[in-house]
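[1] kindly generate the corresponding structure for this input.
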Amino acid sequence: MSKNFFSTKLEIKLTLSIIISLIISISISFLVNITGEYILDNYYDKSSFLQNKSIQALSDFKSYVLKNKISIADHTKIEKWARNYKYIDIYIFKNNALVYNSNRYASYSNYENSAKIPNVSGHSYDVSFFDAEGKVYMDCYFEYKYYYITLFISTAIGLICFVIIMLTLISKKISYIRTLENEIKILEGGNLNYNITIDGNDELSFLAESINEMRKSFIERLQSENEAKSANSELITAISHDLRTPLTALLGYLDIIEYKKYKTKENLMQYIHNSREKAYQIKSLSDKLFEYFLVFNRRNDLDLETFNVNEILEQLFQEEFFMLNDENFTYDYIPCDHIAYLDMNLISIRRVFDNMFSNISKYADKSEPIKIRYSIEDQNLIITIRNKISINLKSVSSTGIGLKTCTKIIEMHNGKLSTEKTDGSFIITISLNVKLI
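    Predicted structure coming up:
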């Protein structure tokens with residue numbers, strides 16, 4: 001496919017600048033040439049410059065003939081003199097017969113007398129050659145030399161004007177290109193907070209805007225990486241603390257058992273039971289840590305399937321309600337009757353529900369019902385789960401791995417998960433895009 005010549009705004013501006021520069025420079029050149037010719041014409045009309053030049057040329061020719069003893073038939077030497085006078089045509093007659101002509105484009109035959117030579121516009125002069133008398137005619141064009149000089153000067157002025165006008169018209173763009181060059185060097189130096197100047201409405205300004213957007217994206221990416229490093233560092237610190245506590249207790253129980261420091265068999269069984277609990281606690285933490293890195297290190301491309309919102313949520317909530325009933329929780333469940341469809345990865349969403357209700361079983365107050373709601377608002381599925389925080393907890397120590405994993409999974413579904421603590425209650429809100437029918 002051939003590219004349209006006027007496909008960009010910058011090309012149009014540059015083309016217009018060239019056309020304008022050409023028109024103005026040609027006009028100036030033409031005006032200078034006309035003015036120069038007018039001045040020369042007036043000068044030639046009011047002065048005897050051309051006549052004096054002609055007389056001087058004839059005098060030079062006579063002196064040349066006399067000094068070199070040139071015969072009337074010695075065309076070689078006469079031609080040599082004629083070549084030195086570019087603006088003279090010389091015709092030599094002997095007895096009204098043309099014997100020499102320096103003008104290659106003129107042709108003469110024998111004439112009876114000089115009055116019958118109409119094509120020679122110059123004056124005739126008698127010249128004594130070495131071997132005969134001759135009549136010499138000279139056509140002088142000395143004025144052409146100065147007309148040519150005037151033409152050359154006017155052309156040079158036109159070219160200079162073209163360059164000056166062109167540079168003037170594109171000087172703003174050249175200055176802008178230099179500005180962009182300097183600002184890009186600033187970015188290369190590491191100052192990513194420097195804003196690129198956006199000026200105009202053409203490809204250069206679009207380029208500057210793209211560089212600016214790239215700069216902002218790079219800053220956001222660096223910030224995200226730094227936040228991720230900081231979060232991972234905090235997570236590792238918290239996990240190491242949470243693992244160290246049950247691990248230290250487990251090693252203590254095992255030392256007691258190995259060195260038989262227990263007093264009764266009941267004490268032994270209690271130490272074995274405690275060791276199992278600590279081992280399962282360590283396993284639970286390691287499973288969560290593995291799940292966290294599995295989710296956060298995978299790409300944001302899940303295998304999605306389309307589900308009916310009411311049917312799939314009914315299934316997921318019913319699975320969790322069995323756990324709530326087994327642990328003597330009560331719940332207040334209000335579903336939505338709107339028909340909508342949701343693209344999701346069922347395994348990942350089930351993991352989110354398992355994490356949320358697992359936290360409820362650990363930290364919720366069993367005396368208060370768990371309030372579960374979902375609704376369709378502006379093509380968004382809004383799920384809200386509220387529980388009262390138990391006041392009987394001895395200590396609440398959590399790394400937050402579960403919630404971070406859930407948040408990441410929801411984000412991979414182009415949704416949002418937020419949490420809030422208010423009036424002794426813990427609220428989780430999930431928002432996901434749905435398709436309405």
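
[2] packing partners for the strand or helix carrying Tyr148?
    Following DSSP states H and E, one finds Tyr148 within helix 142-188. Under the contact criterion of 3 or more C-beta pairs under 8 Å, 6 or more residues apart in numbering; DSSP states H and E, helix 142-188 touches helix 9-46, helix 49-68, helix 203-258. (Each C-beta comes from the backbone N, C-alpha and C, glycine too.)

[3] can you list the strands that the helix or strand where Tyr341 lies pairs with?
    Element membership for Tyr341 (DSSP H and E) is strand 340-344. Strand pairing for strand 340-344, using DSSP bridges, gives strand 305-308 (antiparallel), strand 435-436 (antiparallel).

[4] ok, which of these comes nearest Glu79?
    Across those, Glu79 has its closest neighbour in strand 435-436 (99.8 Å, C-beta to C-beta).

[5] how far does the closest one sit from the chain's center?
    Centre-to-centre, strand 435-436 and its host chain are 38 Å apart (C-alpha atoms, centre = their mean, to the nearest Å).

[6] do stretch 49-59 as well
    Relative to its chain's centre, stretch 49-59 lies at 70 Å (C-alpha atoms, centre = their mean).

[7] restrict stretch 44-58 to CA atoms and write it as CSV.
    Extracted C-alpha coordinates of stretch 44-58, given in CSV (Å, rounded to 0.1, in the frame of the first residue of the first chain):
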residue,chain,number,x,y,z
TYR,A,44,22.5,52.7,-20.6
ASP,A,45,20.0,55.2,-22.0
LYS,A,46,21.5,58.2,-20.1
SER,A,47,25.2,57.4,-20.5
SER,A,48,27.7,56.6,-23.3
PHE,A,49,28.9,53.5,-21.5
LEU,A,50,28.1,51.0,-24.2
GLN,A,51,29.4,53.3,-27.0
ASN,A,52,32.7,53.8,-25.1
LYS,A,53,32.9,50.0,-24.7
SER,A,54,32.4,49.5,-28.4
ILE,A,55,35.0,52.1,-29.3
GLN,A,56,37.4,50.5,-26.9
ALA,A,57,36.8,47.1,-28.5
LEU,A,58,37.5,48.4,-32.0
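
[8] list the buried residues in that stretch.
    Buried residues in stretch 44-58, counting neighbours by 16 or more other C-beta atoms under 10 Å, are found at Lys53, Ser54, Ala57, Leu58.

[9] if we can go back for a sec, make TSV out of the strands paired with strand 340-344 and add mean pLDDT, distance to Ile409 and mean neighbour count.
    Shown next, in TSV, are those (pLDDT from 0 to 100; distance: least, C-beta to C-beta, whole Å; neighbours: other C-beta atoms under 10 Å):
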stretch	mean pLDDT	distance to Ile409	mean neighbour count
strand 305-308	92	15	13
strand 435-436	86	20	11
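
[10] who wins for proximity to Phe357 among these?
    With C-beta to C-beta as the yardstick, what comes closest out of these is strand 305-308 (19.4 Å).

[11] can you list contacts of the closest one?
    Strand 305-308 has contacts (C-beta atoms under 8 Å, 6 or more residues apart in numbering) with Ile339, Ala340, Tyr341, Leu342, Asp343, Met344, Asn345, Leu346, Lys435.

[12] can you get me a residue count around the fifth one?
    In this case it means Asp343. For Asp343, the tally of surrounding residues (other C-beta atoms under 10 Å) stands at 15.
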